[in-house]
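**Q** Would you be able to build a 3D model of this:
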Amino acid sequence: MLNKLNTQLAILGGQPVRTSLLPYGRQWIDEADIETVVQTLKSPFLTQGPKIKEFEEAVAQYVGAKYAVAFSNGTAALHGACFAAGIGEGDEVITTPMTFAASANCVRYCGGEVVFADIEADTYNIDKYKIKDVLTSKTKAIIAVDFTGQPVDLDEIMDLARDRKIIVIEDAAHSLGAEYKGRKVGAIADMTMFSFHPVKHVTTGEGGVITTNSAELYEKLLLFRSHGITRDQDLLELKNEGDWYYEMHELGFNYRMTDIQAALGSSQLGKLDGFVKRRKEIAKQYSEAFAKNSTIITPAQKPDHDSSWHLYIIQLKLDELTAGRKEVFDALRKENIGVNVHYLPVHYHPYYKKLGYKKGITPTAEALYEGIISLPLFPAMSDSDIQDVVNAVEKVVAHYRK
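**A** Residues are numbered from 1 along each chain as shown. Sure thing, here's the model as predicted:
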């Protein structure tokens, strides 16, 4: 509980809830992780070595997919997925505006056109019915984002896509360890992307992966991430030229992950279930703490959609406050709570405005954006850290409550 003497906001000269900043996300690296990386640094291979395959196989096994292809980062992985899906000039790809820009940018990298579908008002995930509204004969793929860690309606989206021979790419940057109807995310969509940025569930520093059950897509992804070059005798135009020989079959990119990153990832992956368990505990404490606060909407969860809780987002009821989101945000920062906002709708960015996208195309997402704030959520948080966040939020909204 807040001390009665500490009710004045720090932004107005009062004492902050915390003496040091609590970030919204942070990696958790232990001595086992460090030792694994040191062993790799002492090995003959720093890149293109055995640790890559080990990590890929571990990820594939964890999610239940046949194949996994590691990339230098999650954005590169999405680019690879769009390439493998055959996205090109004149193709349309449907995605959500409530995501990081990379979910749409990857389409533009391949020359495709981005089409934004609105979101569900309660889960903030892409709305399957709104997807139907924007489908055209040019639709080549759907990039469905598991926003905050809660899986999208995968069965319905996959059924919709199969009927039209559309590729489904699941952007699961937020949802490693999540489950959909008892199945791990990663083996349901045609391709699934996971990110290993330091604020994600496990980290490789920077890194990403695509999982798939398709041998054809797997081979395309492998080719794309390494300059479009192959040494596979089955693919070479000239056979038996010697061990030195290779051919470039596509205009690929150098999107390879290093062995150093992969070694860290493999070590981190062994702790994933524990990390996810702690994220769920933190989310539960937040939801229970704010359940009776009339100025806050807590995240909704669907049955059989088991989130791995990358983010915990509260929605402010601005009509019940005397301040806007910016004032609340700034006040929380002054209390040393490292809140954030996820995300500026993609079509609000100047680049997309220059392409002709306008406000009003996704009203639910746009209305949501005005009142959301992301609270700190990472496994290394203590119960005391959680209470600090709760106290700060209650302190700030109480001050601004009408």
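
**Q** Show me the shaky parts of the protein.
**A** 1-5 (pLDDT under 70).

**Q** What is the lengthiest strand in it packed up against?
**A** As assigned by DSSP state E, the longest strand anywhere in the chain is strand 139-145. Judged by 3 or more CB pairs under 8 Å, 6 or more residues apart in numbering; DSSP states H and E, strand 139-145 is in contact with strand 92-95, helix 102-109, helix 154-162, strand 167-171. (C-beta placed from N, C-alpha, C; glycine too.)

**Q** Now render these as a markdown table, adding mean neighbour count.
**A** Putting these into a markdown table (neighbours: other CB atoms under 10 Å) gives the following:
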| stretch | mean neighbour count |
| --- | --- |
| strand 92-95 | 24 |
| helix 102-109 | 23 |
| helix 154-162 | 16 |
| strand 167-171 | 27 |
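
**Q** So what touches the longest strand of the chain?
**A** 78, 82, 85-87, 91-96, 98-99, 103-104, 106-107, 112, 115, 125-126, 131, 152, 154, 157, 160-161, 164, 166-171, 173-174, 189 (CB atoms under 8 Å, 6 or more residues apart in numbering).

**Q** Stretch 199-214: end-to-end distance?
**A** 29 Å (CA to CA, to the nearest Å).

**Q** ignore the last one, stretch 16-28
**A** With CA to CA as the measure, the ends of stretch 16-28 fall 26 Å from one another.

**Q** and it, which residues are buried?
**A** Going by neighbour count (16 or more other CB atoms under 10 Å), the buried part of stretch 16-28 is 16-18, 22, 24-28.

**Q** With secondary structure and distance to V390 as extra columns, can I get those in CSV?
**A** CSV is the format used below for the buried residues of stretch 16-28 (DSSP: H, G, I helix; E, B strand; the rest coil; distance: CB to CB, whole Å):
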residue, secondary structure, distance to V390
P16, coil, 15
V17, coil, 9
R18, coil, 12
L22, strand, 12
Y24, coil, 15
G25, coil, 18
R26, coil, 19
Q27, coil, 24
W28, coil, 22
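
**Q** which one of the residues you listed sits closest to N240?
**A** Of all the buried residues of stretch 16-28, N240 sits closest to Q27, with 47.2 Å by CB to CB.

**Q** on that earlier part again, quick one: the longest strand of the chain to strand 167-171, angle?
**A** 20 degrees (axes from the mean of the first three to the mean of the last three CA atoms, to 10 degrees).

**Q** Against Y124, how distant is A283?
**A** Distance, A283 to Y124, using CB to CB, to the nearest Å: 14 Å.

**Q** So P23 is in contact with G338, correct?
**A** Yes: with contact defined as CB atoms under 8 Å, P23 reaches G338; the gap is 4.2 Å.

**Q** Strands along the stretch 151-300 of the chain, start to end?
**A** Applying DSSP state E, counting those that start in this stretch to the stretch 151-300 of the chain gives strands spanning 167-171, 179-180, 183-184, 191-195, 208-212, 229-230, 247-248, 296-297.

**Q** Partner strands of the fifth one and their direction?
**A** In the sheet containing strand 208-212, its partner strands are strand 67-71 (antiparallel), strand 191-195 (antiparallel), by DSSP bridges.

**Q** Single out the most deeply packed of those.
**A** strand 191-195 (a mean of 30; mean count of other CB atoms under 10 Å).

**Q** Please state the offset of that one from the chain centre?
**A** 9 Å (CA atoms, centre = their mean, to the nearest Å).

**Q** May I have the residues that are in contact with the closest residue to M257 other than its chain neighbours?
**A** Leaving aside its sequence neighbours, M257 sits nearest to A70 (CB to CB, 6 or more residues apart in numbering; 4.2 Å). Neighbouring residues of A70 by CB under 8 Å, 6+ apart: 52, 55-56, 59, 207-209, 225, 256-257, 262, 265.

**Q** Save the residues you listed as JSON lines, and put in neighbour count and distance to H342 too.
**A** Putting these into JSON lines (neighbours: other CB atoms under 10 Å; distance: CB to CB, whole Å) gives the following:
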{"residue": "I52", "neighbour count": "22", "distance to H342": "30"}
{"residue": "F55", "neighbour count": "27", "distance to H342": "27"}
{"residue": "E56", "neighbour count": "21", "distance to H342": "28"}
{"residue": "V59", "neighbour count": "27", "distance to H342": "24"}
{"residue": "G207", "neighbour count": "26", "distance to H342": "20"}
{"residue": "G208", "neighbour count": "28", "distance to H342": "18"}
{"residue": "V209", "neighbour count": "30", "distance to H342": "21"}
{"residue": "R225", "neighbour count": "24", "distance to H342": "27"}
{"residue": "R256", "neighbour count": "17", "distance to H342": "29"}
{"residue": "M257", "neighbour count": "29", "distance to H342": "25"}
{"residue": "A262", "neighbour count": "30", "distance to H342": "28"}
{"residue": "G265", "neighbour count": "27", "distance to H342": "23"}
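
**Q** any idea how far the most centrally placed residue in the chain is from V328?
**A** Centroid check for the chain by CA atoms, centre = their mean gives A173 as the closest residue, at 2.6 Å. With distances taken as CB to CB, A173 is found 26 Å from V328.

**Q** Now distance to F290 too, for the strands of the stretch 151-300 of the chain, in TSV please.
**A** Output for the strands of the stretch 151-300 of the chain, formatted as TSV (distance: least, CB to CB, whole Å):
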stretch	distance to F290
strand 167-171	28
strand 179-180	25
strand 183-184	29
strand 191-195	28
strand 208-212	33
strand 229-230	53
strand 247-248	55
strand 296-297	5
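
**Q** how about the ones you listed, which one is nearest R279?
**A** Comparing these by CB to CB, strand 179-180 comes nearest, at 13.5 Å.

**Q** Distance from the chain centre to stretch 259-268, please.
**A** The answer for stretch 259-268 is 19 Å, by CA atoms, centre = their mean.

**Q** what residues does it touch?
**A** 29, 32-33, 36-37, 39-41, 43, 45-52, 54-56, 58-59, 70, 196, 202-207.

**Q** what about burial for those, which qualify?
**A** Counted by 16+ other CB under 10 Å, the contacts of stretch 259-268 give 29, 33, 36-37, 40, 49, 51-52, 55-56, 58-59, 70, 196, 202-207 as buried.
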